[in-house]
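Asker: all I have is the shape, not the residue letters:
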């Protein structure tokens, strides 16, 4: 049996890391959210060149693997003369990578709105901006929510990777704690997993709620 | 520090080519683990025996909301303390495979539930044994519509293999890091690894799109 104070001690040590994990998740989620719309609108642009550039960027950032991007920004970019603070590297890589995935969500949600809605907007003499803001987006946004929820959980899990570029998140703290207390490896990683679950499970419940809530009356 | 083509072609590329097979075989073996364990989870979840289906539910929820990297650490560092020492490759494919089995089990479930009720009733009416029913009626119809999603998870898992470098498996990214620390040139190796992943995953997604059209999945 493990004395209770060992577990309490592990908790104490991991909590500052948990704060870093949550911060990283929130900040990169905000960045990813903006990039999702930028990319999604870009891929639906009237102009061929903008469509092409955004499609290329989206495929590029989805295709090159998150950890490779993190390592590139952390190891390679400084050698090219640009040294970013490590925390910023984490936020940028996570935000850009999940923003690329999010842009597909935005694009498909906008495309899922029936043509008749756009036509109704034209008939009412609305400008393209008004049509998007008042007719298309409010409807498309509800379809996006469940997918955004799932991406947010993926993003939370993705933050663990920043421990590999020395950002002191939960996983980093757990790993460094383990080097001095190998006999408690099970407890340390066990509690670490549980902490991720405590943060992630409410998000997954919320996502499922949104899925049910917004699919009412739709087939 | 400019890009050095000679270094890239003569040193980095050959060294990376040596370990490409590790990345690819890790992906395929992990995918196999995920397909088999995912099917087990899907059946466990459907079981009439409630403790089993509840256990499967919480297993899936827990594994899919926690990071695969931490699960890998758990398998790689905790199990040896209890007498089960695994090589990085085995620990890696087990960790990745189990993580994605929870996603595939949901995919199977969706496929099974998409088989119309009449098909189940027909199997019963024809007095099929459970094995006959699943083998000849339900599974062939359940798997076909989910093939695109399954293909997508293969690509997702492929792109996730670089995290195996964190448990000391020398796959592409691990090798790139080694080259970098030996030569103090990180730009070329890591860039090449990124390009490799881009080409492979984009190529695979085009391939799956064509396959999808060939199978004509919209046709019932």
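Answerer: Noted; the coordinates are in hand. Remember, it's a predicted structure, so these values are computed and weren't measured experimentally. Numbering: from 1, shown residues only, chains lettered A, B, ... in the order given.

Asker: show me the longest helix that occurs in the chain.
Answerer: Answering for chain A, as no chain was given. For chain A, the longest helix by residue count, based on DSSP state H, is helix A:4-43.

Asker: nope, chain B
Answerer: The residue-count maximum for a helix in chain B (DSSP H) belongs to helix B:13-46.

Asker: quick one, helices of chain B?
Answerer: Using DSSP H, the helices of chain B run over B:5-7, B:13-46, B:50-65, B:68-73, B:88-113, B:117-125, B:130-132, B:139-143, B:147-160, B:172-183, B:187-215.

Asker: swap that for chain A, sorry
Answerer: With DSSP H, the ranges of helices along chain A come out as A:4-43, A:48-63, A:66-71, A:77-79, A:86-111, A:115-123, A:128-130, A:137-158, A:170-180, A:185-215.

Asker: so for residue 206, what's the pLDDT?
Answerer: By default, I'm working from chain A. Per-residue confidence (pLDDT) for residue A:206: 93.

Asker: that's the wrong chain, I wanted chain B
Answerer: pLDDT recorded at residue B:206 is 90.

Asker: extract the residue ranges of the chain that are flagged as low pLDDT.
Answerer: Chain wasn't specified; assuming chain A. Applying pLDDT under 70 to chain A flags residues A:1-2, A:216-219.

Asker: I was thinking of chain B, sorry if that wasn't clear
Answerer: Along chain B, the model assigns pLDDT under 70 to residues B:1, B:216-220.

Asker: residues from it in reach of chain A?
Answerer: Proximity of chain B to chain A is confined to B:1, B:61-62, B:64-71, B:73-74, B:77-78, B:81, B:159-160, B:162-163, B:165-166, B:173, B:176-177, B:180, B:185-187, B:190-191, B:193-195, B:197-198, B:201-202 under the rule C-beta under 8 Å from any C-beta of the partner chain. All C-beta atoms are positioned from the backbone trio N, CA, C, and that covers glycine.

Asker: now the buried members of those residues.
Answerer: B:61-62, B:64-71, B:73-74, B:77-78, B:159-160, B:162-163, B:165-166, B:173, B:176-177, B:180, B:185-187, B:190-191, B:193-194, B:197-198, B:201-202 (16 or more other C-beta atoms under 10 Å in any protein chain shown).

Asker: what's the nearest residue to residue 41 if we skip its chain neighbours?
Answerer: I went with chain A, as the question did not name one. Of all residues not flanking residue A:41 in the chain, residue A:106 sits nearest, at 7.3 Å (C-beta to C-beta, 6 or more residues apart in numbering or on different chains).

Asker: correction: the question concerned chain B.
Answerer: Using C-beta to C-beta, 6+ apart and skipping the chain neighbours, the partner closest in space to residue B:41 is residue B:105 (3.7 Å).

Asker: please report how far the one you found lies from residue B:67.
Answerer: Using C-beta to C-beta, to the nearest Å, residue B:105 is found at 19 Å from residue B:67.

Asker: what does residue A:124 give?
Answerer: Taking C-beta to C-beta, one finds residue A:124 at 48 Å from residue B:67.

Asker: likewise residue A:121?
Answerer: As judged by C-beta to C-beta, residue A:121 and residue B:67 stand 43 Å apart.

Asker: distance between stretch B:94-108 and the chain's centre?
Answerer: Put simply, stretch B:94-108 sits 7 Å off its chain's centre (C-alpha atoms, centre = their mean, to the nearest Å).

Asker: the residue positioned nearest the centre of chain A: what's it in contact with?
Answerer: Geometric centre of chain A, nearest residue: residue A:155, 3.7 Å, by C-alpha atoms, centre = their mean. Residues counted as contacts of residue A:155 (C-beta atoms under 8 Å, 6 or more residues apart in numbering or on different chains) are A:25, A:28-29, A:32, A:94, A:98.

Asker: pick the one among these closest to residue B:145.
Answerer: When the contacts of residue A:155 are ranked by distance to residue B:145 (C-beta to C-beta), residue A:98 comes first, at 27.7 Å.

Asker: number of residues surrounding the residue nearest to that closest one when sequence neighbours are not counted?
Answerer: Nearest residue to residue A:98, sequence neighbours excluded (C-beta to C-beta, 6+ apart): residue A:32, at 4.1 Å. Counted with other C-beta atoms under 10 Å in any protein chain shown, residues neighbouring residue A:32 total 25.

Asker: kindly report the same for residue B:131.
Answerer: By the criterion of other C-beta under 10 Å, residue B:131 has 8 neighbours.

Asker: if I look at it, how far off is chain A?
Answerer: Residue B:131 sits at a distance of 34 Å from chain A (criterion: C-beta to the nearest C-beta, to the nearest Å).

Asker: got it, and residue B:87?
Answerer: For residue B:87, the distance to chain A equals 18 Å [C-beta to the nearest C-beta].

Asker: look up phi and psi at that residue.
Answerer: With angles defined as degrees, to the nearest 10, residue B:87 sits at phi -70, psi 160.

Asker: ok, the contacts of residue A:155 vs residue B:97, which is closest?
Answerer: Closest approach between the contacts of residue A:155 and residue B:97, by C-beta to C-beta: residue A:98, at 23.6 Å.

Asker: ok, that closest one - how many residues close by?
Answerer: Residue A:98 has 26 nearby residues by other C-beta under 10 Å.

Asker: from memory it sits against residue A:159, does it?
Answerer: No. If you go by C-beta atoms under 8 Å, residue A:98 and residue A:159 don't touch, sitting 10.4 Å apart.

Asker: common neighbours of these two, please.
Answerer: Taking C-beta under 8 Å, 6+ apart as the contact rule, residue A:98 and residue A:159 both touch residue A:28.

Asker: my guess is residue B:133 contacts residue B:121, does it?
Answerer: No. Assessed by C-beta under 8 Å, residue B:133 is found out of contact with residue B:121, at 10.7 Å.

Asker: re earlier: looking at the helices of chain A, which one is packed in the most?
Answerer: helix A:66-71 (a mean of 25; mean count of other C-beta atoms under 10 Å in any protein chain shown).

Asker: so what secondary structure elements neighbour that helix?
Answerer: helix A:86-111, helix B:172-183, helix B:187-215 (3 or more C-beta pairs under 8 Å, 6 or more residues apart in numbering or on different chains; DSSP states H and E).

Asker: so what secondary structure elements neighbour the shortest one?
Answerer: Other helices and strands packing on helix B:172-183, by 3+ C-beta pairs under 8 Å, 6+ apart, are helix A:66-71, helix B:13-46, helix B:187-215.
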